[in-house]
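Engineer: Build the 3D model from these lines:
(one chain, ligands or ions: 2)
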Amino acid sequence: MNTHVEVRYAFSPAEAKAWDTEKARQAMHIPQLFAANKIYLVYSHFDRFIAGGIMPVEESLQLEPVDALKAEYFLERRELGIINIGGPGTIQVDGEIFHVDFKEAMYIGKGKEELIFSSKDPKMPAKFYVNSTPAHTSHPTRHITKKDAEIVTLGSQESANLRTINKLLVASVIQTCQLQMGMTELHPGNIWNTMPAHTHDRRMEVYCYFEVPQGQAVAHFWGQPQQTRHIWMQNEQAVISPPWSIHSGAGTSNYTFIWGMAGENLDYGDMDMAAITDLR
Ligand SMILES: O=C(O)C(=O)C[C@H](O)C(=O)CO
Ligand SMILES: [Zn+2]
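Structural biologist: Ligands and ions are numbered 1, 2, ... in the order given. Here you go, the predicted model:
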């Protein structure tokens, strides 16, 4: 079996308040995204968001419709966002080949049937990080690079939160049904992402941390602003953020992460900010 699928149920803040480390990790943490010639998918009941990894090495991998979808093909009722965090690769979409390099993205709209992922060089395999959400209509398939992105720099060196936010699959760049994705790069010497923290009860979010140097890790903060907890994240792991939760991190070094969201709207700026001094 090439494809591993795991279903994660949704949960409430009241339920999560009593959890210990293991329970919290079982509910939110996605420890494995990539293994040679394998597809890993986690199907979250928060907005029916799927997050996963596709790592073709010697062989190409086809994204098949998993049982949880009860669909004829994966994108029968869904849209798909992809960011490659490995070596150069290709994605074949109903016969059309797209070349997708490191930190480049793809959007594939509802209705595309055959999706085949390959690496150009097995010694430097591609690692396709994928997010997928239910879709009501079909938008054009697009290859998106930093040249197309909306880029903003936030924070400051003094506050150790200087970072560049590359908005790749957002309304100002492409049309999607509900999926938004981007990539935030922490500048050297900076460790805090998404600080000041925020919630957006209208959208859930998933973070995938990568470029975490060997021997380093990121403490990912979650919970309601007045009831926070943390999950320690290793390189190339993901974490589900419920709509009511903050999602912020502090690393033992700088790092990069991919954020993906789905829910009520496509408004990236629709956030309820939590003042740093109010966090508990
Ligand atoms: O560093 C940041 O700040 C982010 O990248 C924030 C995410 O993009 C986010 O949480 C969007 O809602
Ligand atoms: Zn957010």
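Engineer: Now do the top helix by length along the chain: which elements does it pack against?
Structural biologist: Counting residues, the longest helix found in the chain (DSSP state H) is helix 21-28. Applying 3 or more C-beta pairs under 8 Å, 6 or more residues apart in numbering; DSSP states H and E, one finds that helix 21-28 makes contact with strand 227-233, strand 237-241. Where you see a C-beta, it was placed from the backbone N, CA and C, and this is true even at glycine.
Engineer: list the buried ones in that helix?
Structural biologist: For helix 21-28, a neighbour-count test (16 or more other C-beta atoms under 10 Å) marks 24, 27-28 as buried.
Engineer: Mind listing residues that contact that helix?
Structural biologist: By C-beta atoms under 8 Å, 6 or more residues apart in numbering, the surrounding residues in contact with helix 21-28 are 8-9, 11, 16, 19, 31, 222, 229, 231, 239-242.
Engineer: And the helices in the stretch 1-150 of the chain, which stretches?
Structural biologist: According to DSSP state H, counting those that start in this stretch, the stretch 1-150 of the chain carries its helices in the segments 13-16, 21-28.
Engineer: check contacts around the residue lying closest to residue 41 once chain neighbours are set aside.
Structural biologist: Among residues not flanking residue 41 along the chain, residue 52 sits closest, at 3.7 Å (C-beta to C-beta, 6 or more residues apart in numbering). Contacts for residue 52 were tallied using C-beta under 8 Å, 6+ apart; they are 33, 39-42, 129-130.
Engineer: let's see it at 10 Å
Structural biologist: Taking C-beta atoms under 10 Å, 6 or more residues apart in numbering, we find residue 52 in contact with 3-6, 30, 32-34, 39-43, 63, 66, 128-132, 208, 238.
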